[in-house]
Every structure is written in C-alpha cells, then in structure tokens.
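Novice: Quick one: sequence and predicted model below, then my questions.
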Amino acid sequence: MGGHSHWAGIKHKKAILDAKKGKIFTKIIREITIAAKMGGGDPEGNPRLRKAIEDAKEVNMPQDNIKRAIMKGTGQIPGVIFEEINYEGYGPAGIAVIVEATTDNKNRTFGEIRKIFEDHGGNIGASGCVSWMFENKGFLAVPKTAVSEDELMTLALDAGAQDLSNDPENENFEIYTAPQDFEKIKKVLEDKKIPIASSELGLIPKNEVKVGEDKAKQVLELMEELESHDDVKNVFSNFDIPAELLEKLMK
C-alpha cells in the first residue's frame, strides 16, 4: 500500500492548502448536502454527515455554511439537486482509476472527465472495468513520531482494525479497517490523543502498479486535474510511485 499511503498524505496536506484559497469549500458543501439528503440532518446518527462536518471544520468553514448545506440536503431550504456518479478508467502505465463525482448535469460532467483522461494518456472504460481491483476500506495514517508500533498495534487491533503496516519508506504507520469499524477506531485514537496525519473511507487497491520516472509526472498530472475538477469528490488509483520521487515531483 506504499503508493496509496504516500499519496493520501500529500492529498491531505494539499486539501488544507487549497482551503486557504477557498477551493475545497464547494466540494465539502456538496458532500454535506448529499449526506444530509441520504441519511438525515443529525450527524450523531449519520456517520457520513459527521465526517463531512469534521472535514468542514478542519478547513475552518463558517458554521453558517455548514448549517445551510444541511438544510438544503434535508429540503428545509431550496437548493440544486446533485446526483452521485462514478467513472472508471485507465491512466498512463496502465494504472486503474476510479472517480467519484457529484453533479447537477451528468452529460456535462462525463464529457469533461473523459477529456481529462484523454488529455493525459488515459481513457474512460465501462462501469466495472476496474472496480474489482479495489476494496472498500477505512485508512488512517499515524505519525511514527507520535506512538510506538507495539502500542499502536495493540490499540488498533483490539479496536477491530484489519491490518497495521510499517513501511520503512513512510513517515506514518498505516491502519486499515473494515468500513463499519472506521469511526470506532478513529475515536479510539482520538481518545488516546494520538494524532492522525490523514484518514479516509474509500477504495483501497488490492495490488499496486509500480510507476517509474518516465510516467510518474503524467500520472500525477492526471490525478491533479481530476481532483481539481469542481464535480469530483474523490479519485482512487492503484499507482505506486516511490516516496522520494513523489515528493520531488510534487515540489
């Protein structure tokens, strides 16, 4: 999972930087609205909404914006109707890519996402063409400077984690969970005041495709452009770019 976890950490840092420019607000507001529409406006009984509100607070979104987004989702105030849609395809070096989007115009979004794939040496495929390569899991990265491996392993496994990885190339321990255990394990870490470098509930690749220097820049440009699209909520891929090369290219 090396490539995934390095990229997850970088994405987390970028999200905080993007928030300063206001870029991330639109995406979080959409997620709050959809979460409230699907599971109700009470975060206590709606884990997806709770996570979206946490994300909003992390980037200092005003409380009024959060409240308004929830009310749009529950129908208390009128708003645009968004749909969720996934796109699957291939990128440079044969990497698999899944894009989760929210849109008010499926035809427009499909055309724009297809063009991004094609501009970066990839192509959109049929539904299901790559999803079999991924598993739905929770992922938590914990700085190695914050806790010993033994202590973290005991805490995580006792709380129901599936796996803990200690990649020597990575500055973080990586915890993998079943989707239903993600919130519980995250709370155990928070209660113990153990910092979390990044966390996400999403699609984790079963196997990774190693990408060398010849294709790494093209892969990252595809990821960057997909993630910066207003309608895109998440992008998942199975590329593995060595940490040193990833850091060099992201500078």
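Specialist: Received it, and whenever you're ready, just let me know what you need.
Novice: make it CA atoms for all contacts and neighbour counts henceforth
Specialist: Noted.
Novice: for this structure, longest strand please?
Specialist: strand 134-143 (DSSP state E).
Novice: Show me what that one is packed against.
Specialist: If contacts are counted by 3 or more CA pairs under 8 Å, 6 or more residues apart in numbering; DSSP states H and E, strand 134-143 sits against strand 172-177, helix 182-191, strand 198-205.
Novice: The nearest residue to Gly212 once chain neighbours are set aside: how many residues sit nearby?
Specialist: Nearest residue to Gly212 in three dimensions, chain neighbours excluded: Ile241, at 6.8 Å (CA to CA, 6 or more residues apart in numbering). Other residues lying near Ile241 total 25 when counted by other CA atoms under 10 Å.
Novice: which ones are touching Glu31?
Specialist: 49, 52, 233 (CA atoms under 8 Å, 6 or more residues apart in numbering).
Novice: Strands of this protein, start to end?
Specialist: 83-90, 96-103, 123-124, 134-143, 163-165, 172-177, 198-205, 209-210, 232-237, 239-240.
Novice: for those, which one sits closest to Lys186?
Specialist: strand 134-143 (7.6 Å; CA to CA).
Novice: Verify the stated contact: Pro195 with Val142.
Specialist: Yes. Pro195 is within contact range of Val142, at 6.4 Å (criterion: CA atoms under 8 Å).
Novice: circling back: neighbour-wise, which of the contacts of Glu31 leads?
Specialist: Each of the contacts of Glu31 was scored by neighbours using other CA under 10 Å; the highest score is Leu49's, at 25 neighbours.
Novice: Surely it and Ala36 touch.
Specialist: Yes. Counting by CA under 8 Å, Leu49 does reach Ala36; the two are 6.2 Å apart.
Novice: what bridges to the residue lying closest to Val232 once chain neighbours are set aside?
Specialist: Excluding its sequence neighbours, the residue lying closest to Val232 (CA to CA, 6+ apart) is Ala101, at 4.3 Å. Here Ala101 sits in beta bridges with Ile85, Val232, going by DSSP bridges.
Novice: Ala101: what's it in contact with?
Specialist: 84-87, 231-234.
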